[in-house]
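[1] fold the following for me, if possible:
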Amino acid sequence: MQELAGIENHPMKGQYPCRLPVWWARHGSVHKDPNERGVSGRKIILQIVKNFKKFERWVAKILRAPKILRRPLDQMNSTLWELCDGSRTFAEICVVMNEMYQEEIAPVIARTSVAVSLLSSHNLMVVLEEPLNQRWRVGPGLIPEYHELEISENEAYDLELLAGETP
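    Residues are numbered from 1 along each chain as shown. Okay, the predicted model is just below:
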């Protein structure tokens, strides 16, 4: 693994970005195959249950707002999502992202850090001090116990684990 210039001083260098339990799936065709464990090169879609407060629930009912957010990720964020399984350090993730996207993601450390921070601020990811070691499930198709999702059978989502992927 090559070392990226500037990563040695980054505060997240040795930390482990990790997805939190949320329903997600792969879809579409392979864009770029990184030949990395647990990374398909396909796009990711997230489905998140909205938690309304009392007034928000009333307004949502009047406006017939959906109770579930469907968030498709672009290609780079999809790759980042798959890499953040709690087994790779931030530095390792940056190296893979740099190898895959080169000029598209420059400066890779800053852009990856911002993406992880944004996913963390939306309660979709957490940054751990040590590897996840299967403390919770991070695989596709998981419906967290506190969510009531109904996934349509008509959608062409891939919920299968990849070879070597942690459930």
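[2] how far off centre is stretch 111-130?
    Distance, stretch centre to chain centre, for stretch 111-130: 9 Å (C-alpha atoms, centre = their mean, to the nearest Å).
[3] what does that stretch contact?
    Here stretch 111-130 makes contact (C-beta atoms under 8 Å, 6 or more residues apart in numbering) with 10, 12, 15-20, 22, 46, 48, 76-77, 80-81, 84, 86, 90, 93-94, 97, 105. Just so you know, the C-beta spots here come from the backbone N, C-alpha and C atoms, and that holds for glycine as well.
[4] what average pLDDT does it get?
    Stretch 111-130 carries an average pLDDT of 95.
[5] okay, how far is it across that stretch, tip to tip?
    Distance across stretch 111-130, first residue to last, is 22 Å (C-alpha to C-alpha, to the nearest Å).
[6] can you map out the helices along the protein?
    54-63, 75-83, 90-101, 108-121 (DSSP state H).
[7] looking at those, which is closest to residue 131?
    helix 90-101 (11.2 Å; C-beta to C-beta).
[8] in the lowest-mean-pLDDT helix or strand in the chain, what's buried?
    Least confident helix or strand of the chain, by mean pLDDT, DSSP states H and E, is helix 54-63 with a mean of 82. Buried residues in helix 54-63, defined by neighbour count with 16 or more other C-beta atoms under 10 Å: none.
[9] again, but for stretch 157-167
    Buried positions in stretch 157-167, judged by neighbour count with 16+ other C-beta under 10 Å: 157, 162, 165, 166.
[10] which outside residues touch it?
    Against stretch 157-167 from outside (C-beta under 8 Å, 6+ apart): 25-27, 37-40, 42, 45, 85-87, 132, 134, 137-141, 151.
[11] let's see it at 10 Å
    Contacts to stretch 157-167, defined as C-beta atoms under 10 Å, 6 or more residues apart in numbering, come from residues 23-28, 36-40, 42, 44-45, 47, 82, 85-87, 132-134, 137-142, 151.
[12] which residue of this protein sits farthest from its center?
    Residue farthest from the centre of the chain, counting by C-alpha atoms, centre = their mean, is residue 62 at 32.3 Å.
[13] average model confidence for stretch 23-37?
    85.
[14] for it, measure first residue to last.
    End-to-end distance for stretch 23-37: 20 Å, by C-alpha to C-alpha.
[15] cool, and stretch 71-88?
    End-to-end distance for stretch 71-88, by C-alpha to C-alpha: 24 Å.
[16] go on, stretch 66-77?
    Terminal residues of stretch 66-77 are spaced 24 Å apart (C-alpha to C-alpha).
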